[in-house]
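Engineer: structure for this input, please:
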Amino acid sequence: MRLNITEPSLFFDTGSMNVTLVVITILEKPYVMMRYGKNYTGNNRFYGFCVDVLRLVARDVGFDYILDLVPDRKYGAKDPLTGQWNGMVEQLMKYKADLAVGSMTITYARESVIDFTKPFMNLGISILFKVPSTPSTKLFSFMNPLAFDVWLYVLAAYFCVSITIHAMAKISPKERSNFNRSSKYFVKYMDKFTLRNSFWFAVGTLMQQSSNLKPRAISVRIVSAIWWFFSLIIIASYTANLAAFLTVERMTTPIENAEDLSSQTEISYGTLESGSTMTFFRDSLIETYRKMWRNMENKKKHSTFTSTYEEGIKRVKESNYAFLMESTMLDYVVQRDCNLTQIGGLLDTKATITVLKQFFAKFSLPKFLVSDNFERIQIIVIHVTTAVGYGIATPKGSPWRDKISLAILELQEKGDIQMLYDKWWKNVGETCFPRSNTKQSKANALGFDNIGKYFITLPCYRR
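Structural biologist: Sure, this is the predicted structure:
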């Protein structure tokens with residue numbers, strides 16, 4: 001048994017498969033995790049999704065391996081100033097390791113200096129944010145179905161209509177007298193629409209209640225009919241909107257997508273330092289993502305970038321922070337913590353399609369070419385973009401790349417990788433229960449917090 005990297009002349013020797021490869025990795029749930037204790041040594045210290053994939057690949061290809069952590073705990077990114085690489089990429093470039101296994105994204109920059117196998121998992125970039133808390137019920141929240149200015153307009157209309165009815169009743173002679181055909185005399189009536197009664201008549205109509213006051217003059221009846229119709233519309237609108245406020249738990253997120261995130265300053269955001277997500281924003285051609293990168297770069301380094309995923313997730317929970325991370329890791333976190341959620345879809349897929357549109361517009365391609373084939377091109381772009389994922393990295397020109405790629409394809413066709421995904425992502429004992437059932441049960445019954453505020457109107461009727 002020999003280490004493949006100890007002798008460069010044996011590096012490309014694939015005649016004998018009795019070889020032990022040096023494999024570097026990085027700790028990241030649920031891909032690679034470590035057991036701590038005296039009973040665990042060597043490769044037995046590590047467990048997780050990528051460790052299981054590596055075990056199956058090693059079995060099918062036919063090699064042993066020594067698994068160890070990368071010294072600087074970084075995946076690998078190129079310094080734009082010095083041009084030097086760090087992390088697992090640096091270790092492979094210097095032939096200090098044969099393979100790099102973990103949640104390492106296949107990117108153009110990385111593949112220009114090292115090799116990758118076929119991806120064993122597809123992914124994208126999305127936004128991790130905390131679930132907004134349910135707003136507390138306020139004392140006068142029953143007024144929320146109508147805006148404050150609408151309440152003022154209704155109150156002003158009530159005063160105006162009441163005064164108008166009183167004035168017209170005073171002016172109109174039919175409200176004070178009427179011709180009696182049997183006696184052939186005008187009969188005088190007591191003025192019922194006093195100022196006080198006019199206000200009572202208007203408020204009774206607004207509350208959909210009848211009144212003993214009956215207008216006789218046509219002018220008063222017309223004003224009353226208009227007020228009845230207005231009251232009908234207001235009450236119907238208020239009732240419909242109140243039902244929505246009481247039966248639906250409203251939880252609005254301050255951001256819905258990357259555009260919202262880039263156009264605000266209250267919520268800080270960042271990525272994993274020296275990762276593919278950081279490189280994506282740094283090298284992006286999309287103005288939205290370039291704006292986000294400038295914002296992240298201008299702020300203090302420790303307030304935007306994180307050294308580990310755990311640090312970013314913790315920052316999301318404890319502060320007003322959005323973490324830009326890879327979708328597979330995000331799915332794992334969201335399924336285990338119901339206080340966290342995903343915002344929007346995948347950023348990189350949309351970005352590629354936008355670049356195509358800008359390309360078409362810039363080079364003025366024929367309209368018939370764009371209109372006839374753009375939908376097909378979109379499908380191709382989405383397929384290519386979502387095909388990017390995690391792969392096993394090797395030094396440039398390593399013969400192990402093709403052998404491991406074939407093994408990965410075979411594992412995917414047999415469904416072994418999907419079984420491993422279900423094992424680590426969909427473990428029922430670790431996933432949290434969705435809140436949908438809880439919300440529905442709360443919507444069925446109204447508590448005192450919902451209707452208790454209406455009791456404050458009762459003392460108003462005491463004399």
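Engineer: how far off centre is the lengthiest helix in the chain?
Structural biologist: Counting residues, the longest helix found in the chain (DSSP state H) is helix 218-247. Averaging C-alpha positions (Cα atoms, centre = their mean, to the nearest Å) puts helix 218-247 39 Å from its chain's average.
Engineer: just checking, what packs against it?
Structural biologist: When contacts are defined as 3 or more Cβ pairs under 8 Å, 6 or more residues apart in numbering; DSSP states H and E, helix 218-247 sits against helix 148-171, helix 195-206. Backbone N, C-alpha and C define where each C-beta goes, glycine included.
Engineer: which ones are touching T25?
Structural biologist: 32, 46, 50-51, 67-70, 88, 100-102 (Cβ atoms under 8 Å, 6 or more residues apart in numbering).
Engineer: tell me the buried residues in the next helix or strand after the longest helix of the chain?
Structural biologist: Sequence order places helix 258-262 as the next helix or strand after helix 218-247, per DSSP states H and E. Of all the residues in helix 258-262, those buried under the rule 16 or more other Cβ atoms under 10 Å are 258, 260-262.
Engineer: closest one of these to M143?
Structural biologist: D260 (28.5 Å; Cβ to Cβ).
Engineer: for that closest one, which non-adjacent residue is spatially closest?
Structural biologist: Excluding the flanking residues, the one nearest D260 by Cβ to Cβ, 6 or more residues apart in numbering is P254, at 7.6 Å.
Engineer: the one you found: how many residues sit nearby?
Structural biologist: Here the number of neighbours of P254 (other Cβ atoms under 10 Å) works out to 14.
Engineer: got a list of what it touches?
Structural biologist: Taking Cβ under 8 Å, 6+ apart, one finds 132, 260, 264, 266-267 in contact with P254.
Engineer: in PyMOL, how would I select the buried members of these?
Structural biologist: In PyMOL, this line selects whichever of the contacts of P254 come out buried by 16+ other Cβ under 10 Å:
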select buried, resi 260
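Engineer: mark which of the contacts of P254 are part of helices, please.
Structural biologist: D260.
Engineer: so what are the domain limits for this protein?
Structural biologist: 8-123+389-422, 124-134+257-345, 141-247, 346-387 (automatic domain parsing).
Engineer: reformat these as TSV; add distance to C432.
Structural biologist: Formatted as TSV, the domains of the chain follow (distance: least, Cβ to Cβ, whole Å):
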stretch	distance to C432
domain 8-123+389-422	15
domain 124-134+257-345	4
domain 141-247	25
domain 346-387	23
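Engineer: Throw those into CSV and include mean pLDDT and distance to T431, thanks.
Structural biologist: Converted to CSV, these look like this (pLDDT from 0 to 100; distance: least, Cβ to Cβ, whole Å):
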stretch, mean pLDDT, distance to T431
domain 8-123+389-422, 90, 12
domain 124-134+257-345, 87, 5
domain 141-247, 80, 28
domain 346-387, 49, 22
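Engineer: and the residue most central in space within the chain, its phi and psi?
Structural biologist: Centroid-nearest residue in the chain, with Cα atoms, centre = their mean: I343, separated by 1.2 Å. Main-chain torsions, I343, degrees, to the nearest 10: phi -110, psi 120.
Engineer: mind listing what it touches?
Structural biologist: 126-129, 253, 255-257, 261, 322.
Engineer: closest one to T277 out of those, please.
Structural biologist: S126 (9.8 Å).
Engineer: for that closest one, name its beta-bridge partners.
Structural biologist: M325 (DSSP bridges).
Engineer: which members of the contacts of P254 are the farthest-apart pair?
Structural biologist: Pairwise distances across the contacts of P254 peak at 14.7 Å for P132 and Q264 (criterion: Cβ to Cβ).
Engineer: just to revisit the earlier point, between the buried residues of helix 258-262, which sits nearest G389?
Structural biologist: A258 (20.5 Å).
Engineer: I'd guessed that closest one sits against Y289; true?
Structural biologist: Yes. In terms of Cβ atoms under 8 Å, A258 counts as a neighbour of Y289; the distance is 7.1 Å.
Engineer: any common contacting residues for these two?
Structural biologist: By Cβ under 8 Å, 6+ apart, the residues touching both A258 and Y289 are L347.
Engineer: correct me, but Y31 touches F49?
Structural biologist: Yes. When contacts are counted by Cβ under 8 Å, Y31 is listed as touching F49 (5.1 Å).
Engineer: so what sits against both of these two?
Structural biologist: With Cβ under 8 Å, 6+ apart, Y31 and F49 have no common neighbours.
Engineer: which residues does K299 contact?
Structural biologist: By Cβ under 8 Å, 6+ apart, K299 lies in contact with S268.
Engineer: pretty sure L330 contacts L123?
Structural biologist: No. Between L330 and L123 there is no contact under Cβ under 8 Å: 9.2 Å.
Engineer: thinking again about what came up before, of the helices and strands packed on helix 218-247, which is nearest W400?
Structural biologist: helix 148-171 (69.0 Å).
Engineer: what comes up buried for the closest one?
Structural biologist: In helix 148-171, the ones that count as buried by 16+ other Cβ under 10 Å are 157-158, 161-162, 164-169.
Engineer: tell me the angle the longest helix of the chain makes with helix 195-206.
Structural biologist: Here helix 218-247 points in a direction 50 degrees away from that of helix 195-206 (axes from the mean of the first three to the mean of the last three Cα atoms, to 10 degrees).
Engineer: pull the contacting residues for V53.
Structural biologist: V53 makes contact with 101, 120, 408, 411, 417, 420, according to Cβ under 8 Å, 6+ apart.
Engineer: hmm, try it at 7 Å
Structural biologist: 120, 417, 420 (Cβ atoms under 7 Å, 6 or more residues apart in numbering).
Engineer: what's the closest of those residues to Y36?
Structural biologist: L420 (23.2 Å).
Engineer: just say helix, strand or coil for the closest one.
Structural biologist: helix (DSSP: H, G, I helix; E, B strand; the rest coil).
Engineer: how near is it to W151?
Structural biologist: Distance, L420 to W151, using Cβ to Cβ, to the nearest Å: 59 Å.
Engineer: cool, and I24?
Structural biologist: Separation of I24 from W151 (Cβ to Cβ) stands at 66 Å.
Engineer: again, but for V316
Structural biologist: With Cβ to Cβ as the criterion, V316 and W151 are 38 Å apart.
Engineer: S141 too?
Structural biologist: Taking Cβ to Cβ, one finds S141 at 13 Å from W151.
Engineer: anything in contact with each of those two?
Structural biologist: With Cβ under 7 Å, 6+ apart, S141 and W151 have no common neighbours.
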